[in-house]
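A.B. asks: Pasting the sequence and the predicted coordinates here, then a few questions.
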Amino acid sequence: MSDSIAITSGKGGVGKTTMCVNLSIAYQRLLNTVLLLDTDLGMANSHVLMGLNPKKNLSNVIGGKASINDIICKTPSGVELVSGGAASSELLNLNNNQRYNLINSVENYLSNKNKVKLMVDIAAGAEDNSIFFSNACNRIVVVVIGEPTSFIDSYALIKTINQTSGFKEFCILINQADSDHEAKELFGKFSEITSRFLEINLHYVGFIDFSKKIKQSIIDRKPIISSDPKSDISLKFQKIALDIINTPKNRWGGLSFFRESRQSA
């Protein structure tokens, strides 16, 4: 069954796009089609981490100069990429009609494909675009690090998504932790904070180490799961990918990616 996963965060600088790119490649090894849609329209850089420089991006689609089919970029890993392009007032200030049209365009492109995993790189924070595209996905993965600002902003993000869509299921991925013990402690603290005020379910889906290897992979523009597939970190990405799809999907009545699968989930 087709599935859509939003990778987001309360604040920037926590490694969200790195998580999204590596998880997309992990899913590519399990499924027929993985499409990474970069909706981080202010700072779209999934293509940078994949070592690509697409000639066309979402700005061409929004401007009516291209279709989704025209801007699909095949990556070396097999993941299909829709780049968000460079920041512009046109992209940063989308209206609802433009957002709806974008969702419909992506759905139409994927409609004749089976076992699709749509990965959506969401802009950090709780801005309109971020909430809109998060609400269109089956699952929400929030990347959190062990800093007070990350906790506060992640809580605000989850609260806003919950209030606008009624979503109750959220995956928490801890980044830049020193150990599984530390990551689970951070998750426990964050879970305790959110459970005081929100009626939601948080699912711990794993952690990624604070690693020089990941930093080097970003510099080299080669995702670590591709350049060093047998490393401990790459194996963690594979496990996290499986743990995410074993969590419950969210349901709601609004416009969404894969409407039919959402209704039957």
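C.D. replies: All right, it came through fine. Nothing here was measured: the structure is a model prediction, and the numbers come from that model.
A.B. asks: From now on I want contacts and neighbour counts done on CA atoms only, so please keep to that.
C.D. replies: Will do.
A.B. asks: Identify the residues contacting stretch 175-182?
C.D. replies: If you take C-alpha atoms under 8 Å, 6 or more residues apart in numbering as the criterion, stretch 175-182 is touched by 14-15, 143-146, 183, 206-211.
A.B. asks: So for it, what gets flagged as buried?
C.D. replies: When burial is assessed from 16 or more other C-alpha atoms under 10 Å, stretch 175-182 yields the following buried residues: 175-177.
A.B. asks: any idea which of those residues is closest to residue 52?
C.D. replies: Distances from residue 52 to the buried residues of stretch 175-182, taken as C-alpha to C-alpha, are shortest for residue 175 (24.6 Å).
A.B. asks: What about that closest one? Give its phi and psi, please.
C.D. replies: Geometry field for residue 175 lists phi and psi as phi -110, psi 150, criterion degrees, to the nearest 10.
A.B. asks: Kindly report the same for residue 120.
C.D. replies: Here is the backbone geometry of residue 120 (degrees, to the nearest 10): phi -120, psi 110.
A.B. asks: Which neighbouring residues are in contact with it, exactly?
C.D. replies: 4-7, 20, 36-39, 133.
A.B. asks: Mark which of those residues are part of strands, please.
C.D. replies: 4-7, 36-38 (DSSP state E).
A.B. asks: The contacts of residue 120: which two are farthest apart?
C.D. replies: With distance counted by C-alpha to C-alpha, no two of the contacts of residue 120 lie farther apart than 20 and 133, which are 14.8 Å apart.
A.B. asks: out of those two, which sits in the more crowded spot?
C.D. replies: Neighbour totals were compared for residue 20 and residue 133, and residue 20 leads with 26 against 22 (other C-alpha atoms under 10 Å).
A.B. asks: ok, now how distant is that one from residue 71?
C.D. replies: Residue 20 is 19 Å from residue 71, where distance means C-alpha to C-alpha, to the nearest Å.
A.B. asks: before we move on, back to that, mind giving me a markdown table with the buried residues of stretch 175-182 and columns for pLDDT and distance to residue 63?
C.D. replies: Supplementary listing: the buried residues of stretch 175-182 in a markdown table, determined by pLDDT from 0 to 100; distance: C-alpha to C-alpha, whole Å:
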| residue | pLDDT | distance to residue 63 |
| --- | --- | --- |
| 175 | 97 | 36 |
| 176 | 95 | 38 |
| 177 | 95 | 41 |
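A.B. asks: what's the burial count for residue 190?
C.D. replies: Neighbours of residue 190 under the rule other C-alpha under 10 Å: 21.
A.B. asks: could you pull out the strands for the stretch 151-265 of the chain?
C.D. replies: Shown for the stretch 151-265 of the chain, the strands assigned by DSSP state E, counting those that start in this stretch span residues 169-177, 201-209.
A.B. asks: a markdown table for the ones you listed, including distance to residue 97?
C.D. replies: What follows is the strands of the stretch 151-265 of the chain, written out as a markdown table (distance: least, C-alpha to C-alpha, whole Å):
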| stretch | distance to residue 97 |
| --- | --- |
| strand 169-177 | 27 |
| strand 201-209 | 31 |
